[in-house]
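Asks: Let's see this in three dimensions:
(one chain, ligands or ions: 1)
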Amino acid sequence: MTLADLNTLLTARHSCRAFRPDPVPRGDIEQIVASASRVPSWCNAQPWQLVITSGDETDRFRDAMSNEARNGTPAPDLPFPVSYSGVYQDRRRTCGWALYSAVGIERGDREGSAQQMMQNFALFGAPHCAIISSPAELGPYGAMDCGGFVTAFALAAQALGVATIPQAALAAYSPFLHQYFQIPDDRLILCAISFGYSDTDHPANSFRTERAALGDFVDWRG
Ligand SMILES: Cc1cc2nc3c(=O)[nH]c(=O)nc-3n(C[C@H](O)[C@H](O)[C@H](O)COP(=O)(O)O)c2cc1C
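Replies: Predicted coordinates for the structure are as follows:
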């Protein structure tokens, strides 16, 4: 295993926003989860817990989640970002416009952007969805450990040809998710990962995001 191998995996992974309906074999999902669980966590607490849906369960959840997003009120367990300013605002806009222009939504088309946003709750057509939670008592560091898990999940999936998208959008409706999946209230719902095989011909999958140069985020000392 070389850094070049790892970089191949890192650059091949991207957030998939249109999936084919074909299910991922259970054995492959188990391998992905087992690989992801190799990430470090503070005190090796391994705070992540997952609910993973397949088959009819995904379709039932897709419908219920879409209904909740249409009619419910957002109340995330973990506070959503207060604002994005400066470079963070620029990067957020750039990736938003890349998606909108890929799928043909023009600036100012609020109806079109709202419909694209609603695709989150339809899981972008994915055959599987994982809901990730962390014990509330572990606080932000538990969430940080789970962030590493989410990344490793996406990379392990990529290594098996399985596409993923982490989704905070679903966590906006945490009370609904607690109730729907019987996730205890002493756990924080962090995000979802929808996953499956990419619909590579879909325009939503036709763009890639850029990364800042090292000089923009490393302060070298010595
Ligand atoms: C914690 C987290 C939450 C995210 N939530 C969403 C989401 O709700 N909807 C969405 O379309 N993308 C979501 N994304 C995907 C990001 O937009 C994406 O990772 C970023 O634009 C970089 O693009 P890439 O993943 O294709 O490299 C999320 C990513 C992360 C890590």
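Asks: ok, longest strand in the protein?
Replies: The residue-count maximum for a strand in the chain (DSSP state E) belongs to strand 187-196.
Asks: orientation of the top helix by length along the chain relative to strand 187-196 in degrees?
Replies: With residue count as the measure and DSSP state H as the assignment, the chain has helix 139-159 as its longest helix. Angle between the axes of helix 139-159 and strand 187-196 is 10 degrees (criterion: axes from the mean of the first three to the mean of the last three C-alpha atoms, to 10 degrees).
Asks: tell me the mean pLDDT for whichever helix or strand comes after helix 139-159?
Replies: Elements were assigned by DSSP states H and E; along the chain past helix 139-159, the next helix or strand is strand 163-167. Per-residue pLDDT values across strand 163-167 average out to 99.
Asks: So strand 163-167, near the ligand or not?
Replies: Yes: taking C-beta under 6 Å from any ligand atom as the criterion, strand 163-167 and the ligand are in contact, through Ile165, Pro166, Gln167. Where C-beta positions appear, they are placed from N, C-alpha and C, glycine not excepted.
Asks: packing partners for the helix or strand harbouring Ser35?
Replies: Mapping Ser35 onto the secondary structure by DSSP H and E places it in helix 26-36. Based on contacts counted as 3 or more C-beta pairs under 8 Å, 6 or more residues apart in numbering; DSSP states H and E, the elements that helix 26-36 packs against are strand 49-53, helix 139-159.
Asks: No more questions from me, cheers.
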